[in-house]
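Chemist: coordinates for the following, if possible.
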Amino acid sequence: MATFRPLPAPLDRPIRIAALISGGGTTVLNLQKKIEAGELQAEIVLVVASRGDCAGIVRARDAGLAVEVVERKQFEAVSDFSAAVFSTIDRSRADLVTLAGFLSLLEIPEAYRGRVMNVHPSLIPAFCGKGYHGRHVHAAVLERGAKVSGCTVHFADNEYDHGPIIVQRTVPVLEDDTVESLAGRVFGAECEAYPEAIKAFALGKLDVDGRRVRIR
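Modeler: Purely as a prediction, here's the structure:
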């Protein structure tokens, strides 16, 4: 089992965040909105995209954020791709890496154990793992007839949607829900849960004991 080492003490400055994207970048824009509103003491120092054609690149740059592209398709091995991603992050001196709609599997270096978070649009361990991303998650929730769904913020490890859970938020599944309406409700929960987890991390309030995270 991976060893997670969150920050042991509160930072005396805004936390430096590197955000990884593969799509529209809406999660990054929400974090930036929280920062600009004074609700999150943080700075997004770098956005890394795994695809050169994803819409989030333009959106992030329009928001004034630095963007680098590390194309997943240019690397045969996960290890080589991961090394390139984290080498790029190293140069940004980020305190925390946030997976923000990042769809590629990563191998996390030892120096970053406990410094990589992910948000997933379901209540892990339900509807998670390889293939469960974006609208596929919400379609599966509706097909199964679940009465509640939600989001999960967790520490990332070297498996999909597997690391210790930090924060979860629930939302109802309504009788007339579509994939789009449920996705919108879940994203609203993500917009609150992710900043909450980042704040707790920056304040040194997260204790990890095996698979359990306690917030002091």
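
Chemist: next up, phi/psi of residue 186, please.
Modeler: Backbone torsions for residue 186, taken as degrees, to the nearest 10, come to phi -70, psi -40.

Chemist: also residue 98?
Modeler: When read as degrees, to the nearest 10, the backbone of residue 98 gives phi -110, psi 120.

Chemist: so for the helix or strand bottoming out on mean pLDDT in the chain, what gets flagged as buried?
Modeler: Ranked by mean pLDDT, DSSP states H and E, the weakest helix or strand in the chain is strand 206-209, scoring a mean of 90. By neighbour count on 16 or more other CB atoms under 10 Å, the buried set for strand 206-209 is 206, 208. For every residue, glycine as well, the C-beta is placed using N, CA and C.

Chemist: same question, stretch 42-52
Modeler: Residues of stretch 42-52 classed as buried by neighbour count (16+ other CB under 10 Å): 42-51.

Chemist: what's the first helix or strand after the least confident helix or strand of the chain?
Modeler: Next in sequence after strand 206-209, counting helices and strands by DSSP states H and E, comes strand 212-215.

Chemist: now do that following strand, average pLDDT.
Modeler: For strand 212-215, mean pLDDT rounds to 92.

Chemist: quick one: distance of it to the chain centre.
Modeler: Counting by CA atoms, centre = their mean, to the nearest Å, strand 212-215 is centred 18 Å from the centre of its parent chain.

Chemist: start at 346, not 1
Modeler: Shifting the count to begin at 346 puts that one at strand 557-560.

Chemist: ok, of the buried residues of stretch 387-397, which one's closest to residue 537?
Modeler: The closest of the buried residues of stretch 387-397 to residue 537 turns out to be residue 387 (CB to CB; 15.0 Å).

Chemist: could you check the distance from that closest one over to residue 377?
Modeler: Using CB to CB, to the nearest Å, residue 387 is found at 9 Å from residue 377.

Chemist: repeat that for residue 553.
Modeler: Separation of residue 553 from residue 377 (CB to CB): 27 Å.

Chemist: please apply the same query to residue 364.
Modeler: Residue 364 is 9 Å from residue 377, by CB to CB.

Chemist: name the residues that touch the helix or strand where residue 481 lies?
Modeler: Using DSSP H and E, residue 481 sits within helix 480-489. Residues outside helix 480-489 that contact it (CB atoms under 8 Å, 6 or more residues apart in numbering): 465-467, 472-473, 477, 494, 518, 522-525, 527-528, 531.
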